[in-house]
Every structure is written in C-alpha cells, then in structure tokens.
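J.: Test case, fold it:
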Amino acid sequence: MDDRPVRDLMRSKIQENFNGAWPIFSKILEKDVKHMFEHWKAHFTYDDNYDEAIFKEFKDVGSKHLSKIFAIQRGKLHSPKPEWVLDWAWEEMKAYWRFDAFKKLSEINKNNRASKGGSAGYYGGSITIGAHVDLLTVKLKNPPEQDYLYRYLHSKEGVFPESEKIIQEAVKEAIQAAGDDQEDINRINKLAIWASVAKNSKEHTFGLGNLVKMIPKVCATPIMQKNTELQERVKQLEGEIAKDMLRDALAQIGCQHPQFPQFLAYTNIGQSSGSFEQPPSQPSGSQSGDRSSP
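T.: This is a model prediction of the structure:
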C-alpha cells in the first residue's frame, strides 16, 4: 500500500495554513502546528492509539518539507516567494535568513556534517557493500572485520575518530568479560560491537549500509547482553519497525479516500512554489480539494 498521498495531504494542509513568519518549522508554535494537523485529520478517521505517532510524523513531514523549499529560496532571495506565504511574513523571513547569526549557525551545521577531522568518500563504486564482503571473503579466506571493511571502502584510513582504538578496546573488554571460556570468546559478535560503537553524531553506523539488517535483535551471549550500547542499538532497530508499522497505518488511512490522489497531485517540491496542482473541477463532496474545510 502507498502512504504517499496521505503525506502529500499533510504538506498541502501545512501550506494552506501557513500564516506566519516561520523561516523554519521549529519556529511554528505548537498550537499552530496542531491547528494544521486538525485540518489534515478532518479528512480521516483512525484508531486514537495512533494519534500521537501520526502527529509526530506530521511534524517530521512538515519540517522536511519546509526545509527543502526554503533551502532553495534562501539561495535566491530576490526570486518570487512561494504563493502560499504571506507578503509581510516573507519579508520577515528574508530578514531572518540575512541575519549574521543564522548564517553562522548554518556554517557550523555545515562543518559538523562534513566533519573537519576529514570526511570519508565512499570508493566502493556501484558495487554494493554486500558484494564487497563476498569478494573480500574469497580474497582473505575469511569474512572481513567491519573496521577493515570500512577502511577498504573509503578514501582515508582512520576517518572515523580513533576507530582502531575504540574497536580494539570494545573487543578487549568483551574478551576480558569472557574470561577463560573459549566458547564465549568464539561467540563474540564483532559485527554487533562495530554497530554499537562505530557511529556518528546522528547514530548512523559507519560502513554497514544495508548490512545493518544482519545485526541480531537479541544476542545469545551473556557478554553482549551486558553491553548497554548494543541494547541501545536494538532499541533503534525496534524503532525502525515501529516506523514501518506507522507507514502501513498511513497507507490504510489513505484507502478511506481512494479518489483523492487524482485530485491532489503534489509536484515539484524542489521548486520555489512547492505547489499542489488540482484540476479545475472536482466531483461534488470531494474533501481533499476543499481548502475551506477544517
């Protein structure tokens, strides 16, 4: 099932009710966000147990939507404003973007993303990480460890800050916990250790790609059960499952109005207008195209 029409309607209602000088989504007061949400919610009925999760998703969709549109607008402040932004609000928003503090904050965020310590370029080409693992397994006669795989696929060694030290210490700690039990030592899951400690500030795991799915949700060894960082990783994976469930719920909600995708075609979000195109005429009783409905 497709949940995109439901998200498109979220973006539409945010634009329809955009009546303030809000240069970024986080500047919108909670009461105004809820007002936008209620306009979207009026088109559907669903289990109240989903309300909190759907409202959170609504805010996430809105944040990404405005960020994408306004990122383009900031680069060409003399271009026409999006038609759904009020004139007075647009002038205030442009003043905000011109303000030195905002420019400095943007530069700091840019530097944080690039990592001044030296950013890594992926040099694995069009071959998937899984394919590289297979090739290296043949070459090395053993599956490659994650730190080796990461260095192999990127332009510089040691890009991940103190990667060697961090991984070695984590493995050493696990071995010490195992004591003299060779069976426990053999069961130490280095892939899980890598996933637990080799992360950036956004909790993205370095060098895993889709192989993150290989990480077990429950570790059979007492050693790894005691690893609190790995437990956090398990929670993260469970969160991804929750997102999948929410996506399915939104798709089912969209089935309540099978007619509205053809009347609500969200197009060109990368353009300055970010407009929603609707046909000149609509069947009577259509909810999705009625801008006056709550």
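
J.: Quick check: the gap between residue 82 and residue 23.
T.: 12 Å (Cβ to Cβ, to the nearest Å). For the C-beta atoms, the positions are set from N, CA and C on the backbone; glycine is no exception.

J.: ditto for residue 138
T.: With distances taken as Cβ to Cβ, residue 138 is found 53 Å from residue 23.

J.: Tell me which of the two has more neighbours.
T.: Using other Cβ atoms under 10 Å, the more surrounded residue of residue 138 and residue 23 is residue 23, with 20 against 8.

J.: Give me the phi and psi for that one.
T.: In terms of degrees, to the nearest 10, the main-chain angles of residue 23 are phi -70, psi -20.

J.: do residue 142 as well
T.: Dihedral angles (degrees, to the nearest 10) for residue 142: phi -160, psi 150.

J.: neighbours around it, how many?
T.: So residue 142, with other Cβ under 10 Å, has 9 neighbours.

J.: The stretch 1-150 of the chain: helices as residue ranges?
T.: Applying DSSP state H, counting those that start in this stretch to the stretch 1-150 of the chain gives helices spanning 4-16, 30-41, 51-74, 87-98, 100-114, 129-140, 146-153.

J.: nearest to residue 243, of these?
T.: Of all those, helix 51-74 sits nearest to residue 243, with 8.5 Å by Cβ to Cβ.

J.: which strands and helices sit next to the closest one?
T.: helix 4-16, helix 30-41, helix 228-254 (3 or more Cβ pairs under 8 Å, 6 or more residues apart in numbering; DSSP states H and E).

J.: make it 7 Å
T.: With contacts taken as 3 or more Cβ pairs under 7 Å, 6 or more residues apart in numbering; DSSP states H and E, helix 51-74 sits against helix 4-16, helix 30-41.

J.: Between those helices, which one is closest to residue 249.
T.: With Cβ to Cβ, the closest approach to residue 249 among these belongs to helix 4-16: 9.4 Å.

J.: pLDDT averaged over the closest one - what is it?
T.: Helix 4-16 shows a mean pLDDT of 91 in the predicted model.

J.: same question, stretch 39-46
T.: Average pLDDT, stretch 39-46: 86.

J.: List the buried residues of that stretch.
T.: 39, 40, 41, 43, 44 (16 or more other Cβ atoms under 10 Å).

J.: most tightly surrounded among the helices and strands packed on helix 51-74?
T.: The highest mean neighbour count among these, using mean count of other Cβ atoms under 10 Å, belongs to helix 4-16: a mean of 22.

J.: Is it correct that residue 89 is in contact with residue 23?
T.: No. At 9.2 Å, residue 89 does not count as touching residue 23 under the criterion of Cβ atoms under 7 Å.

J.: coming back round to it: quick one: the helices and strands packed on helix 51-74 as a markdown table, columns for distance to residue 97 too.
T.: As requested, the helices and strands packed on helix 51-74 are exported to a markdown table (distance: least, Cβ to Cβ, whole Å):
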| stretch | distance to residue 97 |
| --- | --- |
| helix 4-16 | 19 |
| helix 30-41 | 20 |
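
J.: Go through those and name the closest to residue 127.
T.: helix 4-16 (30.3 Å).

J.: what's the angle between that closest one and helix 51-74?
T.: 60 degrees (axes from the mean of the first three to the mean of the last three Cα atoms, to 10 degrees).

J.: got the CA positions of helix 4-16 in PDB?
T.: Extracted in PDB, the C-alpha atoms of helix 4-16 (Å, rounded to 0.1, in the frame of the first residue of the first chain):
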ATOM      1  CA  ARG A   4       2.500   9.000  -0.200                       C
ATOM      2  CA  PRO A   5      -1.000  10.600  -0.900                       C
ATOM      3  CA  VAL A   6      -1.500  10.800   2.900                       C
ATOM      4  CA  ARG A   7       1.800  12.600   3.300                       C
ATOM      5  CA  ASP A   8       1.100  14.800   0.300                       C
ATOM      6  CA  LEU A   9      -2.100  16.000   2.000                       C
ATOM      7  CA  MET A  10      -0.100  16.700   5.200                       C
ATOM      8  CA  ARG A  11       2.100  19.000   3.100                       C
ATOM      9  CA  SER A  12      -0.900  20.600   1.500                       C
ATOM     10  CA  LYS A  13      -2.500  21.400   4.800                       C
ATOM     11  CA  ILE A  14       0.700  22.900   6.100                       C
ATOM     12  CA  GLN A  15       0.900  25.200   3.100                       C
ATOM     13  CA  GLU A  16      -2.800  26.200   3.300                       C
END
